[in-house]
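A.B. asks: After the sequence you'll find the predicted model.
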Amino acid sequence: MRRIHLLRRTLLAAVTFALVPALVGAQARTEVTIDDTGVQAESVTSSQDGAVYFGSTAKGTIYRAAPGAAQAEPWIQASTAGLSNTLGVLADDKTNTLWVCQNNTGGRGGAPVVGQTALRSFDLRTGAAKGTYPFPSNGGVCNDMAIAADGTVYVTESFNNRVHRLRPGATALDVWATDPQLAGVDGVALLADGAVYVNTFFEGRLFRIPVNADGSAGALVPIETSMSLTRPDGLRTVGPHTLIQAEGQGRVAELTIDGNRANVRVLRDGLTGATAVTVNGDTAFVLVERAKAVAVPYRPE
């Protein structure tokens, strides 16, 4: 019996020793910076292993911070991948895919060129290109994306008031929802009810778009919020009824949906130019100043 107790104590000590460095490393990563200048990052995402990814509106390159690392390095080079002006980025561990919103700035006045604004996909582990899905005619700005349980990807198109859909196995996007109320549509996420939720940057509104039985979009449902939203941007799912959102006014908040109302719980304020957020473990990484992701302790209520 004594030998068993000694063995247990030895195993416990070994486990404790192994956990302490990991916990110290996790606590030490208070922010993730980008090893480059003039990046102008607009979106951030993370994979389950703790890697953090940034896009670049200025350079197009995708940057990656390895699990536990506090600095993101150039990973998918714009010049080799044909990227320019990348906005939304979203890691999907289930399909080993990094989804990227690409926009072309070679048009008149910097406007995207039709056929060159696209949803792109890359291998989440190697960075190898997988697919390119150009926006339909009159392509505006590919902003952000979300993935349904069945693998359908929904993509927002700012300035053209549209949400696009890429169905599993499809080779092209189709226009899924369009409405004048979607002016400045930005963040997008899905909840357990199967509906698509979007916010609008300029008007500070939140909408539910039901998914009909045949997959088509239902009528927009305005969601009343317990406090006003100011320049809402990145939107992500964190629970069956809960979203997390970054706002340009410098706030990151949790939005709990109850019917047609959202209770807003401020997690942190005073973050200059917050544009995106990703949750990894007990940490929300909030993109600020278009240059770094600040770690905010977070547990959904």
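C.D. replies: Yep, that arrived. Residues are numbered from 1 along each chain as shown.

A.B. asks: could you check the distance from G169 over to C101?
C.D. replies: Distance of G169 to C101, computed by CB to CB, to the nearest Å: 21 Å. Every residue, glycine included, has its C-beta placed from N, CA and C.

A.B. asks: same deal with G131?
C.D. replies: According to CB to CB, G131 stands 13 Å off from C101.

A.B. asks: tell me, what's touching those two both at once?
C.D. replies: Jointly contacting G131 and C101 under the rule CB atoms under 8 Å, 6 or more residues apart in numbering are R120.

A.B. asks: neighbour-wise, which of the two wins?
C.D. replies: For G131 versus C101, neighbours defined as other CB atoms under 10 Å are more numerous around C101 (27 against 13).

A.B. asks: Does that one fall in a helix, a strand, or a coil region?
C.D. replies: strand (DSSP: H, G, I helix; E, B strand; the rest coil).

A.B. asks: Give me the pLDDT value at it.
C.D. replies: Here, the pLDDT recorded for C101 equals 97.

A.B. asks: okay but it is in contact with T86, surely?
C.D. replies: Yes. Between C101 and T86 a contact is recorded at 6.4 Å, counting by CB atoms under 8 Å.

A.B. asks: Low-confidence bits of the chain, can you list those?
C.D. replies: Applying pLDDT under 70 to the chain flags the ranges 1-28, 105-115, 138-139.

A.B. asks: The closest residue to Y298 other than its chain neighbours: what secondary structure?
C.D. replies: Distance criterion CB to CB, 6 or more residues apart in numbering; nearest residue to Y298, sequence neighbours excluded, is A284 at 4.1 Å. Under three-state DSSP, A284 falls in the strand class.

A.B. asks: isn't A284 right up against A246?
C.D. replies: No. A284 is beyond contact range of A246, at 9.0 Å (criterion: CB under 8 Å).

A.B. asks: what about the two, which has more around it?
C.D. replies: Remark: of A284 and A246, A246 carries more neighbours, 29 against 25, as counted by other CB under 10 Å.

A.B. asks: The helix or strand where the more buried one lies pairs with which strands?
C.D. replies: According to DSSP states H and E, A246 maps onto strand 242-247. Note on strand 242-247: by DSSP bridges, its sheet partners are strand 232-239 (antiparallel), strand 251-258 (antiparallel).

A.B. asks: What angle do strand 242-247 and the next helix-or-strand element following the last one make with each other?
C.D. replies: Sequence-wise, the next helix or strand downstream of strand 251-258 (DSSP H and E) is strand 261-268. Taking axes from the mean of the first three to the mean of the last three CA atoms, to 10 degrees, one finds that strand 261-268 is oriented at 60 degrees with respect to strand 242-247.

A.B. asks: Please export the C-alpha coordinates of stretch 182-190 as PDB.
C.D. replies: Output of stretch 182-190 as PDB, limited to C-alpha atoms (Å, rounded to 0.1, in the frame of the first residue of the first chain):
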ATOM      1  CA  LEU A 182     -28.200  45.300 -44.200                       C
ATOM      2  CA  ALA A 183     -26.300  48.500 -45.200                       C
ATOM      3  CA  GLY A 184     -22.800  48.200 -43.700                       C
ATOM      4  CA  VAL A 185     -23.300  44.600 -42.800                       C
ATOM      5  CA  ASP A 186     -20.200  43.400 -41.000                       C
ATOM      6  CA  GLY A 187     -20.000  40.700 -38.400                       C
ATOM      7  CA  VAL A 188     -21.700  37.300 -38.800                       C
ATOM      8  CA  ALA A 189     -22.300  34.300 -36.500                       C
ATOM      9  CA  LEU A 190     -24.700  31.400 -36.000                       C
END
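
A.B. asks: now what about that stretch, what contacts it?
C.D. replies: Here stretch 182-190 makes contact (CB under 8 Å, 6+ apart) with 143-149, 154-159, 161-163, 196-203, 207, 220, 232-237, 243, 245.

A.B. asks: Cool, thanks, signing off.
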